[in-house]
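Participant: For reference, the sequence and a predicted model appear below.
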Amino acid sequence: QVQLVETGGGLVQPGESLRLSCAASGLTFRTYAMRWHRQAPGKERELVAAISTRGGSTTYADSVKGRFLISRDNAKNTVSLEMNALKPEDTAVYYCNAHRDWGVSYDYWGQGTQVTVSS
C-alpha cells in the first residue's frame with residue numbers, strides 16, 4: 001500500500017520560513033517524479049514545485065520562484081519543500097504527489113498539510 005505522509009505545516013508570520021517533508025512508502029520511490037501542490041480555499045489545486053527522479057531537474061511555479069526549494073533523498077524516500085519569505089498568499093493546504101508515466105500514468109497523493117501565513 002502506497003503512503004505519502006506530509007509533515008511540517010503550521011502557522012507562521014509573513015517573511016518567515018517553513019520546511020515541509022513528505023515520507024513515501026510502498027512504492028519504488030526513485031522511479032517517481034515528486035511534486036508539491038497546494039490548494040487555497042475557493043481556488044483550484046496548483047502545482048508549486050516538481051523534481052525529477054534523480055533530482056537533477058526542478059521546476060517551480062512563477063509565484064514561488066526564488067523563495068521555495070524542492071529537494072529529495074532517494075536513500076530515505078523523502079521529498080522536502082523549503083519555503084522562505086512566506087507571504088499570506090502562500091496560505092493553503094500543501095500536498096505531496098508521486099507521479100510516474102511509463103505508458104500508464106500513476107499518481108499517488110498525501111493527505112495534505114496546512115500552511116497558514118498570517119500576522
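Facilitator: Happy to help now that I have it.
Participant: Check the burial of residue 32 by counting its neighbours.
Facilitator: Residue 32 has 25 neighbouring residues, counting by other C-beta atoms under 10 Å. In this view, the C-beta of every residue, glycine as well, is placed from N, C-alpha and C.
Participant: got a pLDDT number for it?
Facilitator: For residue 32, the pLDDT comes out at 97.
Participant: Ok, residue 29 next?
Facilitator: On the pLDDT scale, residue 29 gets 97.
Participant: Same question for residue 104.
Facilitator: Predicted confidence (pLDDT) for residue 104: 89.
Participant: what pairs with it across the strands?
Facilitator: Here residue 104 sits in beta bridges with residue 102, going by DSSP bridges.
Participant: From residue 110, how far out is it?
Facilitator: For residue 104, the distance to residue 110 equals 21 Å [C-beta to C-beta, to the nearest Å].
Participant: Next up, the contacts around the residue nearest to residue 85 when sequence neighbours are not counted.
Facilitator: In space, residue 85 comes closest to residue 67 once its chain neighbours are excluded; the distance is 4.8 Å by C-beta to C-beta, 6 or more residues apart in numbering. Applying C-beta atoms under 8 Å, 6 or more residues apart in numbering to residue 67 gives the contacts 83-86.
Participant: could you redo the last one with a cut-off of 7 Å?
Facilitator: Applying C-beta atoms under 7 Å, 6 or more residues apart in numbering to residue 67 gives the contacts 83-85.
Participant: ok, these vs residue 77, which is closest?
Facilitator: Nearest to residue 77 out of those is residue 83 (C-beta to C-beta; 21.0 Å).
Participant: Surely the closest one touches residue 66?
Facilitator: No - between residue 83 and residue 66 there is no contact under C-beta atoms under 7 Å: 11.6 Å.
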